[in-house]
Structure formats: structure tokens, C-alpha cells
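Engineer: only geometry, no sequence info:
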């Protein structure tokens, strides 16, 4: 099947299972997930969605998220949007679908447990602080594709410069890699104003002041300002201020003057506060973040890496990992790479090792083993949701031992940071094997890659050993290490013959 046909088929399979075009209020996607705003959650058939071949799992949060994996989601989303537009234009009723029979009782039990945990976590996560963190994530997540693309170009350019190859092309590559980062404050300002309910272009206009070269002629707090001072944190604060100024103006400025007065006052007042306050304060905070990160890994090293790598999965479960996004971006802005991401990526390595151990500890349970086989390639590339929600978290102990694996992997990378060999990433988003093209550091590329690969191996091995020997109680083995008879699924649309399922639901 051609790639276009495959993506179209995936979108067509998903649409009726989420209640049809009439049930979809909004569509967006991040690195790995199709995010849908749904009018009626009860119209969604979770189990049937999980059985769609391209679907790695589903996650219910403030939006309904279908995990498709990197690359796939960017191709399926336009096809899905096209179907939504066609469905609305034709004013057809939401389609119906007959969900395939579950492959085994054991997989169903894991799926039910995972769903219950997610529902409980969602209710706990609906706090003002966590909702604020989601807003912050909504500002930075749309920037990730550009960060990745420019980061890979920067890595390629650095390699060519070190080798002395294509010297006439490297200046052009440097411009491509650096152009976005030079103006990232503008994009952050635009997205911030949009997220907080203001006019996006006004947020971008105020944030642009931060990167304007002319600010070098301005003094604040007895010091000359520097273009870019305050970075993304200053841009975020400036845009939020602009939103509040704009909303105040909308309430008090007469309608006849609104089109002239409101934009002018928004840029003027917010700009003055940005120049004579926010740029200096945000600059000090940004510098402190970089200094603290360097100090932490230079002095804490292995211990800091152990804690960060071990706690990252629980942070993800609580939704607190979103607070790290502006920190990563600030470090990339300052140093060219973030030293935290390669350490945090070790959490995924522990998860992979734990899943492999579960595979070997449950030789009779073909249902769970099929789930692991289908989700493991994505896990190696840093997409861990299917393994987390479909395998380790519902089983309990394997989730804890996966965290142990992540801790040892993080400790390995942190130790080398303490010894002076920094390992960083020039972009945020990918992890696992997908992070290799984005690696950078203060040593040669070979050393940096070797340290990161060593951390992955430490995470895989420790996660495997901890799960194999300590991840199962006798009762858990007795419950899950049993033979399962595969159920048959009917080709309802064509009336074709029944056959064993080709993909096990991930239970996400």
C-alpha cells in the first residue's frame, strides 16, 4: 500500500471511532500524538481505536490524544482534517463502527487498569498550577519541529566544519541553523498571546523588542542592554503583559478609537516595561538557570543524573515535566544545547529494558508479548506511551523497576558531565535513538555519541535486570503467565473471512 493510501486509511479508520466529524471540535498534533477536542467523549470507542494498526495507544487528558508516533502523526493529521471538512460539508451523521473483539482477557485487564489510572490522574492534574503548565507547553510545543530541523542542520554544519569539508557551504548552513534561534523570542511572544487570549501579532511585536539590535544603545539598572537579553522567558513575560494591557484597553477605549489606540498602547506600555524591567530581570533568571544546570552536573554529576533519570517518568505521569520545556529552550538559547534532555531521555531506556524483561518473564502470555513486540520499536525511538500505559504501569512493579533503569542510565551520563564531558541536545522533543542526530557537547562528536549510547545501554540493562529479578511477585506471575487463546476479528466492512488480529491493542 502506498504511503498516502496508508495515511488516508488510518485517518478513515480513526474518524468513526471518535464519533465522526460532528463530534470533533478541534484538531492539533505534537511530535507523536493526534490531539482532538471532542464534544462528547462517550462516543469514542477506545478499544477499537487501540486495535487500529497505526495506533500505538490513546491518552486522555485535556484533549483526547491518539499516539501515532513521530512522522506518522504529521502525515495522518492532514488526511484526518480533510475527512473532517468533507464530513462537515456533506453534513453526514457520525459513522458507526463495530469494534473488533479483544485479543485476550489479559490484555483487556491491563487496558482497563491503565484506563482507570489515567482517569484518576486526569482528575488530580486539573489544578490551576498544572493547567498553567499545560498553557506553557502549548506555547513551546509548536516550536519543536523548527528546533529539531535547525538542530540537525547545526549538528551537520558542526561536523563539516570539524572535518574541513564543504567550506563554501558551511556559512549558509550556519545561517539556516541560527536564523530561527535568533528570532525564537518573536515566535514565543506570538504563541503566548494566542494562548492567553490576546492578539498574537501584538505579542510577537512586543517580544521582537528583545531581539532588536538597537536595544544595545539603551541602559537599564545602570547597565547596557544586550540584544536577546532575557530570551524566551522575557518574551513570554512581555507577551503575557501585552495581553493584559490589550484586554484593559478593549474594556475602556471607545470603539471608534479602538483600532488606533489599543494596538498603540499595548505595544507602548508593554514595550516600556519590557525594556526597562523585564529584559533585565528575565536575563538574570536565564543566566541563573544556565549557571545552576552547569553547577548541578559539574558537582552533583552521577547523583544528579540518577535522580533526574529516575524521577522523570513520575514527573510525566503528574504532568510536571512541562515545566522543563522553557528551561530546555533557555539552555539551548544560551549554550547551544540542553544538558538535561539526554539525562531525562534515559527514563525511556529503562522503560524499554523493563518491557523486554516482561516479555521474557511471561512466556505463555502471547497477548502481552504481542503488545510489547508492536510497541518496542516506538519505545526505542523515544515514544514510550504504549509501553508505559499498556504494560509497565498497569502491572505496577515493572513501572518502578523501569524508573530504576532510567536512574542508572541518567547516572551514567551525569557522571561523564561531572568529569567534564558534557552531553547535550540541540533541540527538544526526540529521545531514545532519535536523539542521536541532535547530540552536541564540549568534546568531539564521537565522544558525545559514545557517552549517550553508553547511558542507553546502562538504562536498557539495568531496567531489564531489575524487572526480571524484582519486577514480579509470585501472585503477579501466577495471574499473567498463563496461555491466552487469540480471538478472531471480523472484517466487518467487507464481510470477509475472520483471521487472527495482526496487532494487539496497546492498552493505552
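Structural biologist: Nice, I can see it. Keep in mind that this is a model prediction, so the values were computed, not measured.
Engineer: any idea how far residue 285 is from residue 232?
Structural biologist: Distance of residue 232 to residue 285, given as Cβ to Cβ, to the nearest Å: 11 Å. C-beta here means a position set from N, CA and C on the backbone, and glycine is covered the same way.
Engineer: ugh, wrong one, residue 470
Structural biologist: Counting by Cβ to Cβ - residue 470 and residue 285 are separated by 42 Å.
Engineer: Going along the chain, name the strands of the stretch 201-350 of the chain.
Structural biologist: In the stretch 201-350 of the chain, the segments counted as strands under DSSP state E, counting those that start in this stretch are 219-220, 223-224.
Engineer: How far away from the center of its chain is the first one?
Structural biologist: Okay, so that is strand 219-220. Strand 219-220 has its C-alpha centroid displaced from the chain centroid by 38 Å (Cα atoms, centre = their mean, to the nearest Å).
Engineer: can you pull the contacts of residue 255?
Structural biologist: Contact analysis of residue 255 by Cβ atoms under 8 Å, 6 or more residues apart in numbering lists nothing.
Engineer: rewinding a little: ranking the strands of the stretch 201-350 of the chain by mean neighbour count, which comes first?
Structural biologist: Of all those, strand 219-220 has the most neighbours on average by mean count of other Cβ atoms under 10 Å, namely a mean of 13.
Engineer: for it, packing partners?
Structural biologist: If you count contacts as 3 or more Cβ pairs under 8 Å, 6 or more residues apart in numbering; DSSP states H and E, strand 219-220 packs onto no helix or strand.
Engineer: Tabulate the strands of the stretch 201-350 of the chain (JSON lines), appending mean pLDDT.
Structural biologist: Putting the strands of the stretch 201-350 of the chain into JSON lines (pLDDT from 0 to 100) gives the following:
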{"stretch": "strand 219-220", "mean pLDDT": "88"}
{"stretch": "strand 223-224", "mean pLDDT": "88"}
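Engineer: Phi and psi next, for residue 221.
Structural biologist: When read as degrees, to the nearest 10, the backbone of residue 221 gives phi 60, psi 40.
Engineer: now swap in the one 5 residues further on and tell me
Structural biologist: Residue 226 adopts backbone torsions of phi -120, psi 140, taken as degrees, to the nearest 10.
Engineer: Give me the phi and psi for residue 38.
Structural biologist: Dihedral angles (degrees, to the nearest 10) for residue 38: phi -110, psi 140.
Engineer: Identify the residues contacting residue 397.
Structural biologist: 467, 470-473, 476.
Engineer: what about the most centrally placed residue in the chain, is that helix, strand or coil?
Structural biologist: Ranked by distance to the mean C-alpha position of the chain (Cα atoms, centre = their mean), the top residue is residue 429 at 5.2 Å. The three-state assignment at residue 429 reads coil, by DSSP: H, G, I helix; E, B strand; the rest coil.
Engineer: Make sure it is actually in contact with residue 146.
Structural biologist: No - counting by Cβ atoms under 8 Å, residue 429 stays clear of residue 146, with 10.4 Å between them.
Engineer: now the residue nearest to the centre of the chain, nearest residue through space, not along the chain?
Structural biologist: Take residue 429 and drop its neighbours on the chain: the residue closest to it by Cβ to Cβ, 6 or more residues apart in numbering is residue 144, 4.2 Å away.
Engineer: Could I get the buried residue list for the strand or helix carrying that neighbour?
Structural biologist: Using DSSP states H and E, residue 144 falls within helix 144-163. Residues 144, 147-148, 150-158, 160 are the ones in helix 144-163 that count as buried (16 or more other Cβ atoms under 10 Å).
Engineer: Closest to residue 392 out of the residues you listed?
Structural biologist: Residue 392 has its nearest neighbour among the buried residues of helix 144-163 in residue 144, at 25.5 Å by Cβ to Cβ.
Engineer: list the contacts for that closest one?
Structural biologist: Contacts for residue 144 were tallied using Cβ under 8 Å, 6+ apart; they are 30-31, 427-429.
Engineer: ditto for residue 279
Structural biologist: Residues in contact with residue 279, defined by Cβ under 8 Å, 6+ apart, are 210, 215, 220, 225, 229-230, 234.
Engineer: What of residue 200?
Structural biologist: Residue 200 sits in contact with 190-191, 193-194, where contact means Cβ under 8 Å, 6+ apart.
Engineer: Quick check, pLDDT for residue 148.
Structural biologist: Here the pLDDT value assigned to residue 148 is 84.
Engineer: Also residue 386?
Structural biologist: With respect to pLDDT, residue 386 has a value of 76.
Engineer: Reduced to three states, what does it come out as?
Structural biologist: helix.
Engineer: List only buried entries from the contacts of residue 397.
Structural biologist: Among those, those buried by neighbour count (16+ other Cβ under 10 Å) are 467, 471-472, 476.
Engineer: okay, and for the protein, where does confidence drop off?
Structural biologist: Per-residue confidence for the chain (pLDDT under 70) gives these ranges: 1-4, 70, 91-127, 318-319, 484-508.
Engineer: In it, which helix is the longest?
Structural biologist: helix 445-470 (DSSP state H).
Engineer: Does anything pack onto that one? Which helices or strands?
Structural biologist: Short answer (3+ Cβ pairs under 8 Å, 6+ apart): helix 445-470 packs on helix 144-163, helix 340-344, helix 346-361, helix 397-418, strand 423-425, strand 439-441.
Engineer: C-terminal to the first one, which secondary structure element comes first?
Structural biologist: The first helix or strand that comes after helix 144-163 along the chain, using DSSP H and E, is helix 170-182.
Engineer: quick check: angle from that next one to helix 144-163?
Structural biologist: Orientation check (axes from the mean of the first three to the mean of the last three Cα atoms, to 10 degrees): helix 170-182 against helix 144-163 gives 150 degrees.
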